[in-house]
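Novice: structure here, sequence nowhere to be found:
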């Protein structure tokens, strides 16, 4: 089983890669920081030692479309079963008092849309022919409750809503070829950045109650192994809810709570219509 996880040198992406390596996957991980990628691969190799899982560092600048296509060509040459689109970049904001959109620079668009959205489409566009040829495969797009309700900033929510729409519509077009697409909504994730911030809460949520990056990976591994995932194609999966359904807990047995109701309900788009006979 071979996966590609973009933006996986740290944070949620690294957590997803760790969960896959733990489950025995060969995981190609991308990022621009070569040293951070090498550290991530060492951690993947360690957690995957008992299952045969391991990591492969793939330095990549995801603002370069040609580089992304070369990346997909290289990985897919030996087979690609799972693409996780996670790469993201965000502007510096004041977490205690974020400015309204009209006081923010227009350059917010370049990071939150140019990096937080466009590379997801480019990677999926490049990978689709390989997945179609194989007649199987899964694409997971890491999104956010910010697609459903205001979170962080206007442009952040725009980018996440677009990712969910892309999930729905690419799933519709790929379904006849046996390829499935899911969105993933983590809750508050205790990334290295969050842990180092010194904050006790963020956006009204206690940091101590947050999810770990590794929980995201364990959920993605479970989804990839579940034949019923085909019935969910085009939909958004809430990490905490999927973890509860699969019996996955944080180390120590804690079950994170879903933020679904706090952010106004369910997925942005309805289930896919039945396939035409």
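Specialist: Yes, it's here. Everything numeric here is computed off the predicted structure, so don't read it as measured data. Numbers count the residues shown, from 1 in each chain.
Novice: my guess is residue 275 contacts residue 176. True?
Specialist: Yes. If you go by C-beta atoms under 8 Å, residue 275 and residue 176 touch, sitting 6.8 Å apart. All C-beta atoms are positioned from the backbone trio N, CA, C, and that covers glycine.
Novice: joint contacts of these two?
Specialist: Counting by C-beta atoms under 8 Å, 6 or more residues apart in numbering, residue 275 and residue 176 have no shared contacts at all.
Novice: excluding its backbone neighbours, what's nearest residue 38?
Specialist: Distances taken as C-beta to C-beta, 6 or more residues apart in numbering place residue 57 nearest to residue 38, at 5.9 Å, with adjacent residues excluded.
Novice: what's in contact with stretch 169-178?
Specialist: 124, 128, 131-132, 135-137, 139, 180-182, 233-235, 272, 275.
Novice: now with 7 Å?
Specialist: Residues from elsewhere that reach stretch 169-178 (C-beta atoms under 7 Å, 6 or more residues apart in numbering): 124, 128, 132, 135, 136, 180, 181, 233, 234, 272, 275.
Novice: pLDDT weak spots in the stretch 1-150 of the chain?
Specialist: 94-96 (pLDDT under 70).
Novice: just the strands in it please.
Specialist: Counting by DSSP state E, counting those that start in this stretch, the segments of the stretch 1-150 of the chain that form strands are 2-5, 26-31, 54-59, 82-85, 138-142.
Novice: could these be laid out in TSV, adding mean neighbour count and distance to residue 75?
Specialist: Shown next, in TSV, are those (neighbours: other C-beta atoms under 10 Å; distance: least, C-beta to C-beta, whole Å):
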stretch	mean neighbour count	distance to residue 75
strand 2-5	27	5
strand 26-31	27	5
strand 54-59	20	7
strand 82-85	28	9
strand 138-142	25	13
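Novice: so which of these is nearest residue 187?
Specialist: Residue 187 lies closest to strand 138-142 among these, at 12.5 Å (C-beta to C-beta).
Novice: that closest one packs against which elements?
Specialist: If contacts are counted by 3 or more C-beta pairs under 7 Å, 6 or more residues apart in numbering; DSSP states H and E, strand 138-142 sits against strand 82-85, helix 154-174, strand 180-185.
Novice: from the ones you listed, which stretch is densest packed?
Specialist: strand 82-85 (a mean of 28; mean count of other C-beta atoms under 10 Å).
Novice: what's it packed up against?
Specialist: strand 2-5, helix 118-134, strand 138-142.
Novice: can you give me the helices in the stretch 151-277 of the chain?
Specialist: For the stretch 151-277 of the chain, the helices defined by DSSP state H, counting those that start in this stretch cover 154-174, 192-197, 213-225, 239-246.
Novice: can you pull the pLDDT of the residue lying closest to residue 109 once chain neighbours are set aside?
Specialist: Nearest non-adjacent residue to residue 109, counting by C-beta to C-beta, 6+ apart: residue 155, 5.8 Å away. For residue 155, the pLDDT comes out at 93.
Novice: right, I'll leave it there.
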